[in-house]
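S.K.: sequence below, structure please.
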Amino acid sequence: MIRVALIDDHVVVRSGFAQLLSLEEELEVAGQYGCAAEAWPALLRNAIDVAVMDIAMPDENGLSLLKRLRAQKPGFRAIILSIYDAPSFVQSALDAGASGYLTKRCGPEELVRAVRAVGMGGHYLCADALRALRGGEQPPRALAALTPREREVFALLVKGESVKEIAFRLDLSHKTVHVHRANVLDKLQCHNAIELVHFALEHQLLASH
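M.R.: Predicted coordinates:
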């Protein structure tokens with residue numbers, strides 16, 4: 001079960017998200033908050049797998065709240081929700097430690113996909129956010145340097161699967177998957193899973209996300 005917290009000052013938006021997520025058997029809405037002051041103590045106290053939080057809130061923006069939460073709980077995972085898709089907003093969210101980014105133009109099914117991916121240890125950027133990050137030219141890269149097993153791991157990582165899920169799927173130990181993941185990142189000159197997704201999109205290896 002993935003426990004989800006919703007932080008948004010618009011009651012209609014928040015309740016709509018809650019109703020949508022509650023239809024999924026493996027998702028549980030464990031808390032709803034209208035501002036950072038309400039969310040802060042509850043998120044510190046309660047076990048939450050992923051928080052969906054708006055950037056714009058009346059008392060404190062979502063990025064500031066996320067930074068404070070991650071300072072206290074380094075493993076805290078959140079999806080930032082915003083009306084903006086400018087590169088500066090997306091990059092600021094990633095710098096704050098967000099594991100996902102959605103714009104409010106995304107459909108309900110994409111919210112569910114994002115919560116599942118981030119709740120299980122992966123990452124998720126909507127298409128608008130990915131396009132925003134594509135701004136500059138990247139040096140040419142190729143998958144030719146990867147071994148067949150590393151290609152398998154790469155394909156699963158860009159789908160948002162966690163090391164644990166990949167280990168189970170490929171019948172490998174967690175340690176072996178971590179080694180493959182490190183090799184993939186190194187060979188493709190990426191620093192994290194978000195950059196792997198960026199790489200996959202840039203080279204048309206990711207049809208949709």
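S.K.: what's the burial count for the closest residue to L125 other than its chain neighbours?
M.R.: Sequence neighbours aside, Y101 is the residue nearest to L125 in space, at 5.2 Å (criterion: C-beta to C-beta, 6 or more residues apart in numbering). The way it works is simple: take the backbone N, C-alpha and C, and place the C-beta from them, glycine included. Counted by other C-beta atoms under 10 Å, the residues lying close to Y101 total 31.
S.K.: quick one: the helices in the chain?
M.R.: Assigned by DSSP state H, the helices in the chain fall at 11-22, 36-45, 62-72, 87-95, 108-119, 127-133, 148-158, 163-170, 174-187, 193-202.
S.K.: the domain parsing of the protein - what is it?
M.R.: 2-133, 143-202 (automatic domain parsing).
S.K.: weakest of those domains in terms of mean pLDDT?
M.R.: Lowest mean pLDDT within the domains of the chain: domain 143-202, at a mean of 86.
S.K.: chain center to that one, what's the gap?
M.R.: Per C-alpha atoms, centre = their mean, to the nearest Å, the displacement of domain 143-202 from the mean C-alpha position of its chain is 16 Å.
S.K.: same check on stretch 20-40?
M.R.: With C-alpha atoms, centre = their mean, you get 16 Å for stretch 20-40.
S.K.: how about residues contacting it?
M.R.: Contact with stretch 20-40 is made by 1-9, 11, 14-15, 17-18, 42-43, 46-48, 51, 53, 57-60, 62, 64-65, 68-69, 108, 111-112, 115-116, 119, as judged by C-beta atoms under 8 Å, 6 or more residues apart in numbering.
S.K.: mind doing that once more with 7 Å?
M.R.: Residues outside stretch 20-40 that contact it (C-beta atoms under 7 Å, 6 or more residues apart in numbering) are 1-7, 9, 11, 14, 18, 42, 46, 48, 57-60, 65, 108, 111-112, 115.
S.K.: same deal with stretch 186-196?
M.R.: L94, G122, H123, L125, R141, A145, L146, F154, L157, V158, L185, F199.
S.K.: and the last one, how many neighbours?
M.R.: A total of 21 residues lie near F199 under the criterion other C-beta under 10 Å.
S.K.: okay, which residue is most central for this structure?
M.R.: G100 (2.6 Å; C-alpha atoms, centre = their mean).
S.K.: ok, it - contacts?
M.R.: I79, A114, V118, H123, Y124, L125.
S.K.: I appreciate the help and will end here.
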